[in-house]
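Novice: the following comprises the amino acid sequence and a computationally predicted model.
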Amino acid sequence: MLDPKLLRNDPERVAGKLLIKGYVFDVAKFKAMEERRKALQIDTQELQSIRNQKSKQIGQAKAQGQEIESLKAEMDRLAQDLKDKQQQFDGLQEELNNWLAEMPNIPHESVPAGDSEAQNTVIHTWGEPKSFAFEVKDHVDLGEHLQLLDFESAAKITGSRFTIMQGQLAQLHRALIQFMLDMHTRAHGYTEIYVPYIVNSDSLRGTGNLPKFGEDLFQLKTDSEYYLIPTAEVPVTNMWRDQIASAEQLPIKYVCHSPCFRSEAGSYGRDTRGLIRQHQFEKVELVQLVHPDHSWQAFAELTSHAEAVLQALALPYRSMTLCGGDLGFSSAKTIDLEVWLPAQDTYREISSCSNFLDFQARRMKARWKGHEGKPQLLHTLNGSGLAVGRTLVAILENYQQADGSIEVPKALVNYMHGTTEISI
RNA sequence: GGAGAGUUGGCAGAGUGGUCGAAUGCGGUGGUCUUGAAAACCAUUGACGGUUGAUCCCGUCCGGGGGUUCGAAUCCCUCACUCUCCGCCA
């Protein structure tokens, strides 16, 4: 949520910045609503004040045994006025809040203009795409050739966009998770955390997935409004909803492995082949809640932590600054890491690192407080470190050998109990 | 699934219709004392919003929502959550 004060003070400037994200903000309508809100609020509060005074009078009069019926009659009229005003005020306030809840975060000034992926800018590339002396296969062919990857059975059991892994491939998948968790806890100072994979709607509102993006989520058919998590970001960040951290607790750094569930509504026909876009996938997520003065530094660090995984696995990648139009709803700035996929002859997203500033924190009232002064909003950040399924794709394709076997990356050999190659 | 007890400020915990935004303790902050620190003692200390140059001031908030009343932390309804006991079960 944006700061309501910022909107009131300079709506034109906010409107200009939101346009970078492709969001049209009706300033005139906002100003008119704000003016009415202000008038209604002042009126309502004045009536409340009078009511409180009169009530006290009645109490005193009664204590002294005086007649109170005439005072009560006066209160009846007042109460009716108050009720009307209050209803108008509440209604308008709700309307404003709903509007505010649908407004995206303001992009940081360093975010390039643009309305699609094509305008994202390359920050740097790392590693050289390997040249193969044979015709490369994609991960689907490789996995099915090894008889360790099975989309057909998954489609039978559930439907499209699910998969089954077996044997050493399932093991490699699990090894990746262990490897990533170990790196982030041991080398990067994150606390490992295990969380529910089902969340309520308040949590989804906190991170900004609701009210606008409900169609991307799987909702459970229960009496409670429960959803499967689209990412661990939701439960992990919401740990601090309605909480006040002390200055000593900052920065708060969590790493969390979880499955992620996405409906992928609106992406029919895209990436239908293989593991790239699944309804269910595993991710190791990095989440930080930090002092507002340090969030850009934390952002750089968090991004480097995700990159460290790719580097340790010797997977070529590039990092991209997302342009305004490609930027997520809650994010002020996002850097995507894209891994090289030889079979697609292109880079594909494998991690997305974002700084939300106080946008999520305001929605979920996640605050911190020093020894002096008032509680202040935290800044929240997160990034994939990494998307496990896509990392597996990258390893299969980048480490494939002429006979269709897969070399196990050196960093993972210990996690595979010494296995150096996956073959039939 | 059955029976019962709870949910109050950063934390613990009083408060059952009218100066209660709320005793008290802990914690925080400032001070006295001390060479310094600790202890002790004194003072101070909720959040959000409106208004303001800033105070003052005003409003809202005692799990969420609704109701009764001139007036609700306190009474009623409802929902959520927590805990205890019994039953069942990974």
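Specialist: Perfect, I can see it now.
Novice: close to RNA strand B: what parts of chain A are there?
Specialist: A:4-5, A:38, A:41-42, A:44-46, A:48-49, A:51-56, A:58-59, A:62, A:72, A:75-76, A:79, A:223-224, A:244, A:367, A:371-372, A:374-375 (CB under 7 Å from any atom of the strand). (Each C-beta comes from the backbone N, C-alpha and C, glycine too.)
Novice: you'd agree residue A:318 is up against residue A:125?
Specialist: Yes - Residue A:318 is within contact range of residue A:125, at 4.0 Å (criterion: CB atoms under 8 Å).
Novice: re the thing from before, so which of the residues of chain A next to RNA strand B sit within strands?
Specialist: A:244, A:367 (DSSP state E).
Novice: out of the residues of chain A next to RNA strand B, which are inside helices?
Specialist: The helices, defined by DSSP state H, take in A:4-5, A:38, A:41-42, A:44-46, A:48-49, A:51-56, A:58-59, A:62, A:72, A:75-76, A:79 from the residues of chain A next to RNA strand B.
Novice: pLDDT of whichever strand or helix holds residue A:282, averaged?
Specialist: With secondary structure defined by DSSP states H and E, residue A:282 is part of strand A:280-290. Averaged across strand A:280-290, the pLDDT comes to 97.
Novice: that strand packs against which elements?
Specialist: helix A:167-182, helix A:233-238, strand A:252-261, helix A:295-312, strand A:379-387, helix A:388-398 (3 or more CB pairs under 8 Å, 6 or more residues apart in numbering; DSSP states H and E).
Novice: so that strand versus strand A:379-387, what angle?
Specialist: 150 degrees (axes from the mean of the first three to the mean of the last three CA atoms, to 10 degrees).
Novice: check the offset of strand A:280-290 from the chain's centre.
Specialist: Relative to its chain's centre, strand A:280-290 lies at 9 Å (CA atoms, centre = their mean, to the nearest Å).
Novice: stretch A:300-315 now?
Specialist: Counting by CA atoms, centre = their mean, stretch A:300-315 comes out at 20 Å from the chain centroid.
Novice: which outside residues touch that stretch?
Specialist: A:126-127, A:179-180, A:183-184, A:187-188, A:190, A:286, A:288, A:317, A:319, A:335, A:337, A:339-340, A:350-351, A:353, A:381-386, A:391, A:394-395, A:398, A:409-412 (CB atoms under 8 Å, 6 or more residues apart in numbering).
Novice: now it: buried residues?
Specialist: A:301-303, A:305-310, A:312-313, A:315 (16 or more other CB atoms under 10 Å).
Novice: which of the residues of chain A next to RNA strand B are buried? Put it as a PyMOL command.
Specialist: This is the PyMOL syntax for the buried subset of these, where burial follows 16+ other CB under 10 Å:
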select buried, chain A and resi 44+54+58+75+367
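Novice: find the nearest non-adjacent residue to the residue in the stretch 251-400 of chain A positioned nearest to RNA strand B, please.
Specialist: For the stretch 251-400 of chain A and RNA strand B, the shortest gap (CB to the nearest atom of the strand) falls at residue A:371, measuring 3.8 Å. The spatially closest residue to residue A:371, leaving aside those adjacent along the chain, is residue A:247, at 7.3 Å (CB to CB, 6 or more residues apart in numbering).
Novice: the one you found touches residue A:368, doesn't it?
Specialist: Yes - with contact defined as CB under 8 Å, residue A:247 counts as touching residue A:368 (6.3 Å).
Novice: which one of these two is surrounded by more residues?
Specialist: residue A:368 (25 against 11; other CB atoms under 10 Å).
Novice: contacts only, for the closest residue to the more buried one other than its chain neighbours.
Specialist: Nearest non-adjacent residue to residue A:368, counting by CB to CB, 6+ apart: residue A:245, 4.3 Å away. Counting by CB under 8 Å, 6+ apart, residue A:245 touches A:252, A:289, A:366-369, A:378.
Novice: most neighbours of all the residues you listed, which one?
Specialist: Highest count within the contacts of residue A:245 by other CB under 10 Å belongs to residue A:378, 31 neighbours.
Novice: can you pull up the bridge partners for the residue of the stretch 151-300 of chain A at minimum distance from RNA strand B?
Specialist: Across the stretch 151-300 of chain A, no residue is closer to RNA strand B than residue A:244, which sits at 5.0 Å (CB to the nearest atom of the strand). Following DSSP bridges, residue A:244 is listed with bridge partners residue A:367.
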